[in-house]
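Chemist: got a predicted structure plus its sequence, pasted below:
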Amino acid sequence: MSAHHKMDTKQPDVLADMAQGIVGTAAPRRDGPLKVSGQAQYAAEFGDGSEAVGVLVRATVVKGKVTQIDEQALRAMPGVLAVITDERLLRNPAQGTANEAPVQGPRDVAYFGQPIALVVAETFEQARHAAQSAQVSYSAQAGATDPDDPDAVIDRPDGKQTEQGDIDAAMSQAHASVDAVYTTPSQNSAAMEPHASLAQWEGDKLTLYGSYQMLKYNRNELADALGIDAENVRVLALYVGGGFGSKLGIAPEAVAAAIAAKELERPVRVVMTRAQVFETTMRRSGTRQRLRLAADAQGNLTAIGHDATVSNLPGEAFSEPVALATHFLYAGKNRAYSHQIARIHRTCAGSMRAPGEAVGMLALENAMDELAHETGIDPVDLRLRNIPDVHPENGKEFSSRRFADCLTEGAQRFGWEKRNATPGQNREGEWLIGHGMASAARGNILSEAKARVILNPDATVVVETDMTDIGTGTYTILAQIAAELLGLPLDDVTVKLGDTDLPPGAGSGGSWGASSVGSAVFLACQSLRGDVAEMLGARASDLTLKDGMATSGNVRKKLSALLSETLTATGHIEPGDTSEVVQHAGFGAHFAEVAVNAVTGETRVRRMLGVFSAGRILNVQTATSQCHGGMIFGIGAALTEDLVHDQRDGHVVNHNLAEYHVPVNLDVPQLDVVFFEERDEWANPIQSKGVGELGISGAGAAVTNAIFNATGVRVRDYPATLDKIIPDLPDP
């Protein structure tokens, strides 16, 4: 039995009528004990010991062609089993959700660090030694490695250059205005688990254990790269140690492992080193953003302009969409956007947590803070004055929005009224104390998904989908939804994920996973409830399922007593026309307190508050954890993270966690997260919204705005490191 639903209209809040009381609670992560005890198996941990080990050989030129690899010498080295130079090897990692064939052809070099071969040996040490010893000849060419290079080709995509009204006139007539340029560097997702794949063949059928987020797409990408039917490919990713976008698409190690395993007729494991992860997988593009804001004497915005330059390899379709939130967050009659892509020879740029808003809102929210200072209007009040009634560009109504509540409640909880609006006036010894805030916004997306729910005669349940859990709590949340709908204890529900043999879920990306696959589970359970109601001789609308009991009117029976056979239903959700009717988004507000050392320029974040409205919160513990993660991402963007490229050849200078500085425990203060109750009838059947990426959007700007309030130093070039703060510090 199947239940198919297309989102074309508003949805009633059916979950409000459920009786089990599990959805919305802080149910502990079901995979937690397995992970902390080392029992959760990750991609590199599968196998029986018979696997050969592969290590990637990578290019050492910016651009050109591989003319020769001394394969004979490599094969003669101890333990070496094969040298793979197949033209099917990936040149660039795939983008994942694009569901397009990945870029292949390893001999055509497009960036320093590109995989050009795979050495396979009996042990990792043997394979590594051989890969590092590879003698490679190139026909090298010059290639631009920096967006500011005069030789960099600049693309201006159609549809991303828009203007509404006359922004130049509005700027010239404004009571107050801001016209400033903000820059953000390349960043790396830096997930804890490196990219890893174990490939094994049985005849023409390939099984790949991989660390990936979007299995229904990854299966097709892998099949396309190998030139085989997707029906002959099975991808498993039972546990993924973080992804943040870097594992959306199939990466070079997976294709290389599969080719080698076929050639050697034995399983092959390829695990990227940390340096390879930094140099070979997706980076977030650096950006150069010009923000223009104009306001009248009352602080009402009359103009918004957001111009951006981002970068990527030649031929890549993705470009960091920095102005996503700028389109709808604030009012303003006159609006202008431009977007250009510098085609440079650096590691491929792609989606990283909250692509667009994560860096775009750094600039937008800094500019709003600058305008607040210019006008003398409180930053919270300025934002409240400029919340539009409808989408300011297309007139759509917002499906739901508690943005104003997030601002006002956040200010009250944070103690914003005690903030000294004059920079540099709050001091504790040699520490200057400052307070800053920023808005949060992230568009909400529904993605097609399927899930199968099996109700056994003993009233236990199995949920099956190829959806992944990348540390976000999917195992727990899907169990909660099934337990709620079928009136069973959480322990009676088993969730099976991360296997392309299961129904195709939405995949983990875009903050759509829980809502999309959760809705598919909901629909399947709704169908099963109809079956149970029929067995009870009742209407589904009159049925109550709680604690394993089925009740309708005066009839009450144990669920297991009603079931004489296994019942199965598949839920299928897909997006419809609702996004054409209304504007979907989650909203929030960040507040931060920092201390900046008046002598050294060191910044310490002392406390941080995030207040969010994101539809129904399915699990308050996992949602809070996701917002904590987003806010920590924001601290990193504000203060430390900078993927440095050598301008001579584009190679990554700080390709490890010792020198690419993500926030660690001592960098992160107490983080407080508050959620508002919100129901969005337009979002999906369970009325939830994405949370994972909302928490990062705007977070870093709250920190840098607080630095300005502490010191009077406005840092527009991220991150706000000591060298950018010290020169303009007030006298100690």
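Modeler: All right, it came through fine.

Chemist: sort out which residues of stretch 24-33 are buried, please.
Modeler: 24, 25, 27, 29, 30, 31 (16 or more other CB atoms under 10 Å). Glycine gets a C-beta too; all of them are placed from N, C-alpha and C.

Chemist: the helix with the most length in the chain packs against which elements?
Modeler: Counting residues, the longest helix found in the chain (DSSP state H) is helix 513-536. Judged by 3 or more CB pairs under 8 Å, 6 or more residues apart in numbering; DSSP states H and E, the packing partners of helix 513-536 are strand 2-7, strand 449-455, helix 474-486, strand 549-552, helix 559-562, strand 567-575.

Chemist: related to what we said a few turns ago, filter the buried residues of stretch 24-33 down to just the ones in strands.
Modeler: Judged by DSSP state E, the buried residues of stretch 24-33 include no members of strands.

Chemist: pLDDT for those - can I get that in TSV?
Modeler: Output for those, formatted as TSV (pLDDT from 0 to 100):
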residue	pLDDT
24	96
25	97
27	97
29	96
30	95
31	95
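
Chemist: contacts only, for the residue of the chain most remote from its centre.
Modeler: Farthest-out residue of the chain from its mean C-alpha position, per CA atoms, centre = their mean: residue 554, at 49.0 Å. If a contact means CB atoms under 8 Å, 6 or more residues apart in numbering, then residue 554 has no contacts.

Chemist: measure it to residue 538 for me?
Modeler: For residue 554, the distance to residue 538 (CB to CB, to the nearest Å) stands at 11 Å.

Chemist: go on, residue 693?
Modeler: Residue 693 is 42 Å from residue 538, by CB to CB.

Chemist: and these two? Which one has more around it.
Modeler: A direct count of neighbours by other CB atoms under 10 Å for residue 693 and residue 538 places residue 693 higher, at 28 against 17.

Chemist: tell me the pLDDT of the residue nearest the centre of the chain.
Modeler: Centroid check for the chain by CA atoms, centre = their mean gives residue 353 as the closest residue, at 3.0 Å. pLDDT for residue 353: 96.

Chemist: give the contact list for it.
Modeler: 189, 244, 245, 630, 633, 692, 693, 696.

Chemist: now it: closest residue in space that isn't a chain neighbour?
Modeler: residue 244 (4.4 Å; CB to CB, 6 or more residues apart in numbering).

Chemist: the one you found and residue 187 touch, don't they?
Modeler: No - Residue 244 lies out of contact with residue 187 (CB atoms under 8 Å); the separation is 9.7 Å.

Chemist: name the residues contacting each of the two.
Modeler: residue 352.

Chemist: can you tell me which of the buried residues of stretch 24-33 lies nearest to residue 174?
Modeler: residue 24 (45.6 Å; CB to CB).

Chemist: so the closest one versus residue 677, what's the distance?
Modeler: The separation that residue 24 has from residue 677, given CB to CB, amounts to 9 Å.

Chemist: quick revisit: just flag the most distant two among the buried residues of stretch 24-33.
Modeler: 24 and 31 (19.8 Å).

Chemist: where does the stretch 151-300 of the chain dip in pLDDT?
Modeler: Applying pLDDT under 70 to the stretch 151-300 of the chain flags no residue at all.

Chemist: quick one, strands of it?
Modeler: 153-155, 162-164, 176-184, 187-188, 196-202, 205-210, 233-236, 268-271, 283-284, 287-295 (DSSP state E, counting those that start in this stretch).

Chemist: comparing the ones you listed, which comes out most buried?
Modeler: With neighbours taken as mean count of other CB atoms under 10 Å, the strands of the stretch 151-300 of the chain reach their highest mean count in strand 268-271, at a mean of 28.

Chemist: what sits against residue 505?
Modeler: 215-216, 449-451, 465-468, 497, 513, 516-517, 520.

Chemist: ugh, typo on my part, it should be residue 285
Modeler: Counting by CB under 8 Å, 6+ apart, residue 285 has contacts 186, 310, 311, 312, 319, 320, 349.

Chemist: go again using 6 Å as the cut-off
Modeler: Counting by CB atoms under 6 Å, 6 or more residues apart in numbering, residue 285 makes contact with 310, 311, 320, 349.

Chemist: and the two most separated of the residues you listed?
Modeler: Spatial extent of these (CB to CB) is set by the pair 311 and 320 at 8.4 Å.

Chemist: tell me the pLDDT at the nearest residue to residue 331 once chain neighbours are set aside?
Modeler: Nearest residue to residue 331 in three dimensions, chain neighbours excluded: residue 388, at 3.9 Å (CB to CB, 6+ apart). Looking at residue 388, its pLDDT reads 98.

Chemist: how far does stretch 199-206 sit from the chain's center?
Modeler: On the basis of CA atoms, centre = their mean, to the nearest Å, stretch 199-206 is displaced by 31 Å from the centre of the chain it belongs to.

Chemist: before we move on, which element is the residue nearest to residue 331 in?
Modeler: Using DSSP states H and E, residue 388 is not contained in any helix or strand.

Chemist: tally of neighbours for it?
Modeler: 18.

Chemist: could you number the chain from 48 rather than 1 from now on?
Modeler: That works, and once the first residue is 48, the last one we named lands at residue 435.

Chemist: phi, psi for it please.
Modeler: Per-residue torsions, residue 435: phi -80, psi 150 (degrees, to the nearest 10).

Chemist: circling back to that earlier point, save the strands of the stretch 198-347 of the chain as TSV, and put in distance to residue 84 too.
Modeler: What follows is these, written out as TSV (distance: least, CB to CB, whole Å):
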stretch	distance to residue 84
strand 200-202	50
strand 209-211	53
strand 223-231	39
strand 234-235	29
strand 243-249	20
strand 252-257	20
strand 280-283	21
strand 315-318	22
strand 330-331	33
strand 334-342	41
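
Chemist: which one of those strands lies nearest to residue 764?
Modeler: That would be strand 223-231 among these, by CB to CB, at 4.9 Å.

Chemist: which residues sit against the closest one?
Modeler: 218, 334-342, 406, 410, 413-414, 417-418, 421-422, 763-765.

Chemist: pull that strand out as CSV, backbone CA atoms only.
Modeler: Provided in CSV are the C-alpha atoms of strand 223-231 (Å, rounded to 0.1, in the frame of the first residue of the first chain):
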residue,chain,number,x,y,z
ALA,A,223,21.4,58.0,5.8
SER,A,224,23.2,55.4,3.7
VAL,A,225,25.8,52.7,3.8
ASP,A,226,27.9,51.7,0.8
ALA,A,227,30.6,49.2,1.9
VAL,A,228,32.4,46.1,0.6
TYR,A,229,32.7,43.0,2.7
THR,A,230,34.9,40.0,1.9
THR,A,231,34.8,36.4,3.2
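
Chemist: related to what we said a few turns ago, so which of the helices and strands packed on helix 560-583 gets nearest residue 244?
Modeler: Nearest of these (CB to CB): helix 521-533, 21.1 Å.

Chemist: what angle separates the closest one from helix 560-583?
Modeler: 30 degrees (axes from the mean of the first three to the mean of the last three CA atoms, to 10 degrees).

Chemist: and the helix or strand harbouring residue 166, what other elements does it pack with?
Modeler: For residue 166, the host element (DSSP H and E) is strand 162-168. If you count contacts as 3 or more CB pairs under 6 Å, 6 or more residues apart in numbering; DSSP states H and E, strand 162-168 packs onto strand 99-105, strand 127-131, helix 171-180, helix 299-311.

Chemist: need the residues that contact it.
Modeler: Residues from elsewhere that reach strand 162-168, judged by CB under 6 Å, 6+ apart: 99, 101-106, 113, 116, 121, 126-132, 153, 174, 177-178, 299, 303, 307, 315.

Chemist: quick check: mean pLDDT of that strand?
Modeler: Mean predicted lDDT for strand 162-168 stands at 98.

Chemist: same question for stretch 550-564.
Modeler: pLDDT averaged over stretch 550-564 gives 97.

Chemist: how many other residues sit next to residue 747?
Modeler: 31.

Chemist: oh, that last question was meant for residue 626, not what I typed.
Modeler: Residue 626 has 17 neighbours, counted by other CB under 10 Å.
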